[in-house]
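Asks: when you get a sec, could you give me coordinates for this:
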Amino acid sequence: MRRLIPVALATCLALTTFTLKESPVQAWVYNDAVEYGISLGLPRAWAYRVASCETGGTFNPLAYNRRSGASGLYQFLPSTWRSTPQAKAGLSVFDPYANAAGAAWLYRTYGPSQWACK
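Replies: Below is the predicted model:
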């Protein structure tokens, strides 16, 4: 069964900037979403290392790179996100579960070279 972040929690996250040290909600979202990606085939160590690196160590599912437009837990470029089954289903790049599922799909399809962080 596909798990999506509840709308109320997504709204709360959209209105607040968290860091892992400041918010138990952030820690829960980070851990649960990364574990979801692992359940879909991401290697455990890679999944945690890349999510940390791509978000600057914050694990913020709302992370956004103003220069490149990369977004979410695994920092998808807009063009790459549009190619994922999750985007085609209308899911947001900022939904950490959709982002983790997209990362698992991209990893299985094209390998880990798709990310700047290794």
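
Asks: any regions of the chain where pLDDT drops low?
Replies: 1-29 (pLDDT under 70).

Asks: the strands in it, which residues?
Replies: Counting by DSSP state E, the chain has no strands at all.

Asks: residue closest to the middle of the protein?
Replies: Taking C-alpha atoms, centre = their mean, the centroid of the chain lies closest to Leu73, which sits 2.7 Å from it.

Asks: who's in contact with that one?
Replies: Going by C-beta atoms under 8 Å, 6 or more residues apart in numbering, Leu73 touches 30, 33-34, 51, 54-55, 59-61, 63, 96, 99-100, 103. C-beta coordinates here come from the backbone N, C-alpha and C atoms, glycine included.

Asks: closest to Ala87 among these?
Replies: Among the contacts of Leu73, Asn99 lies closest to Ala87 (C-beta to C-beta), at 10.2 Å.

Asks: which residue comes closest to that closest one once chain neighbours are left out?
Replies: Gly72 (3.9 Å; C-beta to C-beta, 6 or more residues apart in numbering).

Asks: is it true that that neighbour touches Phe94?
Replies: Yes. Here Gly72 reaches Phe94: they are 5.5 Å apart, a contact under C-beta atoms under 8 Å.

Asks: neighbour count winner among these two?
Replies: More neighbours surround Gly72 than the other of Gly72 and Phe94, with 26 against 19 (other C-beta atoms under 10 Å).
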